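In: I'll drop the sequence and a predicted model, then ask my questions.
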Amino acid sequence: MTTSSAASGRDGTAGAAARPPMREALVAAAFRLFLERGYEQTTVDDIVALAGVGRRSFFRYFPSKEDVVFPDHERCLTDMTAFLAASAETDEPVRRVCDAARQVLLMYAENPAFSVQRYRLTKKVPGLRAYELSVVWRYERALADYLRGRFAGRPDGILRADVIAAAVVAAHNNALRSWLRSDGKGDASAAVDHALGLVQQAFGTPAGAGAGTAAPASAATQAEPRPAAPSRPVTAGHPDDVVVVVSRRDAPLWRVVQEVETALGRG
């Protein structure tokens, strides 16, 4: 999220030329009040009063107070969906969804200070945590829908798509939250690349095997699948940590799911 000194002129108020665009002014006003008064104690009327606009202006941009906390996710989700829709048949599907997930990181990295501020606020407000989880679920569904199309007609195609989409989101979010907990310090891109690299190693197609196809299993593998690698939580000790499970590429999907459940303490 960036600010601009260009006039928006949407409300025709005096001094509009010195103001940021209305949408960004509302977000800035909201977060100022959230920090000063608390999220629950701040109303939409408070936000529009500080921004110097009417309630109609607020609801023109945001359906609810919760939406002002996540002003950029709709745009990012739209861009990510378009990115996946523009994929070619020659694109390796796991790499493609990993690249799509990186677009979410870029959104956060546009304004590290705001992203850290939002992260801290979201941790404190249960309603915002629930809202954030619903947003994350929509990203995961977009990735899974793309993969379901690429794996259509294959044995366990739907299950494979859903497992990979969940792994991509888990890996991305684990690295992202570690960066946010560090107050936006360090190289977020490198951390996310490393986490997504584990997903590609576990589920991606080896070079030369052909995009969208699984590497053929050997006769020995077909007769007796090798066990999945032990689950490995990337970090621990924080309530919002995400567990990433790494398994062999040729492990059966039922075993991968079993490892995920074990890592989450549900096995």
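Out: Yep, it's here.
In: do you have the helices of the stretch 101-250 of the chain handy? List them.
Out: For the stretch 101-250 of the chain, applying DSSP state H, counting those that start in this stretch gives helices covering 112-124, 126-150, 157-181, 188-203, 219-223.
In: mind checking the ones you listed for the one nearest to V27?
Out: Smallest distance to V27 across the helices of the stretch 101-250 of the chain (CB to CB): 8.2 Å, for helix 112-124. Bear in mind the C-beta positions are built from the backbone N, C-alpha and C, glycine included.
In: what comes into contact with that closest one?
Out: Here helix 112-124 makes contact (CB atoms under 8 Å, 6 or more residues apart in numbering) with 1, 31, 34-35, 39, 69-70, 108-109, 128-129, 132, 177, 180-181, 183-184, 240.
In: can we see that at 10 Å?
Out: 1-2, 27-28, 31, 34-35, 38-40, 69-72, 105, 107-109, 111, 128-132, 176-177, 179-185, 188, 238-240 (CB atoms under 10 Å, 6 or more residues apart in numbering).
In: and it, which residues are buried?
Out: 114-119, 121-123 (16 or more other CB atoms under 10 Å).
In: for it, what is the average pLDDT?
Out: The pLDDT scores in helix 112-124 average 92.
In: any idea of the angle that helix forms with helix 157-181?
Out: Compare the direction of helix 112-124 with that of helix 157-181 by axes from the mean of the first three to the mean of the last three CA atoms, to 10 degrees and you get 110 degrees.
In: quick one, helix 112-124 and helix 188-203 angle?
Out: Using the same axes, to 10 degrees: helix 112-124 against helix 188-203 is 60 degrees.
In: quick check: angle from helix 112-124 to helix 126-150?
Out: If you take the same axes, to 10 degrees, helix 112-124 sits at 110 degrees to helix 126-150.
In: got the CA coordinates for helix 112-124 in CSV?
Out: What follows is helix 112-124, C-alpha atoms only, in CSV (Å, rounded to 0.1, in the frame of the first residue of the first chain):
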residue,chain,number,x,y,z
PRO,A,112,6.5,-3.7,5.7
ALA,A,113,5.6,-1.2,8.4
PHE,A,114,1.9,-1.5,7.7
SER,A,115,2.1,-5.3,7.3
VAL,A,116,3.7,-5.6,10.7
GLN,A,117,1.2,-3.3,12.3
ARG,A,118,-1.7,-5.3,10.8
TYR,A,119,-0.1,-8.6,12.0
ARG,A,120,0.1,-7.3,15.6
LEU,A,121,-3.5,-6.0,15.5
THR,A,122,-4.8,-9.3,14.0
LYS,A,123,-3.1,-11.3,16.8
LYS,A,124,-5.0,-9.3,19.4
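In: make 35 the first number, not 1, from now on.
Out: Shifting the count to begin at 35 puts that one at helix 146-158.
In: about what we covered before: can you select the buried ones from the contacts of helix 146-158 in PyMOL?
Out: Command for PyMOL, covering only those of the contacts of helix 146-158 found buried under the criterion 16+ other CB under 10 Å:
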select buried, resi 35+61+62+65+68+73+103+104+105+106+139+141+142+143+145+162+165+166+210+211+213+214+215+218+222
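In: as CSV, the helices of the stretch 135-284 of the chain with distance to V128 would be great.
Out: Listed next are these as CSV, based on distance: least, CB to CB, whole Å:
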stretch, distance to V128
helix 146-158, 26
helix 160-184, 8
helix 191-215, 6
helix 222-237, 5
helix 253-257, 19
